[in-house]
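*Asks:* Structure, please.
(one chain, ligands or ions: 2)
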Amino acid sequence: MKSERVCGGCTACCKTHPVLSIDKPISKWCKDCIIGKGCGIYEKRPSECADFKCQWLFGNYEGKDRPDHTKIVIDSYILDTIDEKVIALYEVSEGALGRPFAQNITTSITRQDNILVLHIHLGAKRAVLYLPPNRILTKEQKRKLAEDSFEVINNI
Ligand code: SF4
Ligand code: SF4
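*Replies:* Ligands and ions are numbered 1, 2, ... in the order given. You can find the predicted model right below:
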């Protein structure tokens, strides 16, 4: 069994993830975050925050790959636009999605696990969906992705 992990000094998702109940936008530090320390309103934090666990906290990836070190927060969910499971990589600082950590896991998840990988660039300026080899999207999925301004990349 994997050992229990704790966030420790990581506060990366307090930047990357939106929190609707407090109007916290995607890719901007939460006003209540004490960066590198924790939540300034811990006892009263919204349930979205209390319930959230990134994939690293779940015990995936190496211990050294905590999101504040890799500058990538990894999440997993069903992407409503196409109703498919994705592994989503959120950039904590500019350029992190272009570095080997993000590139290597994108290749391994798409090729070995046959799962779609979504890159959310800093500021949500770009959302790029990487497809596993041989994955064909339906016409309707392509239409919806285009409508929501996703870029789609095949066979990396
Ligand atoms: S990104 Fe993961 S490890 Fe970091 S604070 Fe959020 S849940 Fe914890
Ligand atoms: S309320 Fe606290 S846990 Fe939630 S995003 Fe803000 S600082 Fe992070």
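*Asks:* got a list of what residue 85 touches?
*Replies:* If you count contacts by Cβ atoms under 8 Å, 6 or more residues apart in numbering, residue 85 has them with 76-79, 115-116. Glycine gets a C-beta too; all of them are placed from N, C-alpha and C.
*Asks:* what kind of secondary structure is the nearest residue in space to residue 15 that is not next to it in sequence in?
*Replies:* Sequence neighbours aside, residue 29 is the residue nearest to residue 15 in space, at 4.9 Å (criterion: Cβ to Cβ, 6 or more residues apart in numbering). Under DSSP: H, G, I helix; E, B strand; the rest coil, residue 29 falls in the coil class.
*Asks:* circling back: which of the contacts of residue 85 fall within strands?
*Replies:* Judged by DSSP state E, strands contain the following of those: 76-79, 116.
*Asks:* Give me every residue in this structure lying close to ligand 1.
*Replies:* Applying Cβ under 6 Å from any ligand atom, we find that the chain lies next to ligand 1 at 7, 10-13, 52-54, 56-57, 66-67, 73.
*Asks:* 8 Å instead?
*Replies:* Neighbours of ligand 1 within the chain, by Cβ under 8 Å from any ligand atom: 5-8, 10-14, 16-17, 52-57, 66-68, 73.
*Asks:* What subset of the residues you listed is buried?
*Replies:* 5, 7, 10-14, 16-17, 52, 54-57, 66-68, 73 (16 or more other Cβ atoms under 10 Å).
*Asks:* Longest helix in the protein, by number of residues?
*Replies:* Assignment by DSSP state H gives helix 100-111 as the longest helix of the chain.
*Asks:* Just the buried residues of that helix, please?
*Replies:* Quick answer for helix 100-111 (16+ other Cβ under 10 Å): 101-102, 105-106, 109-110.
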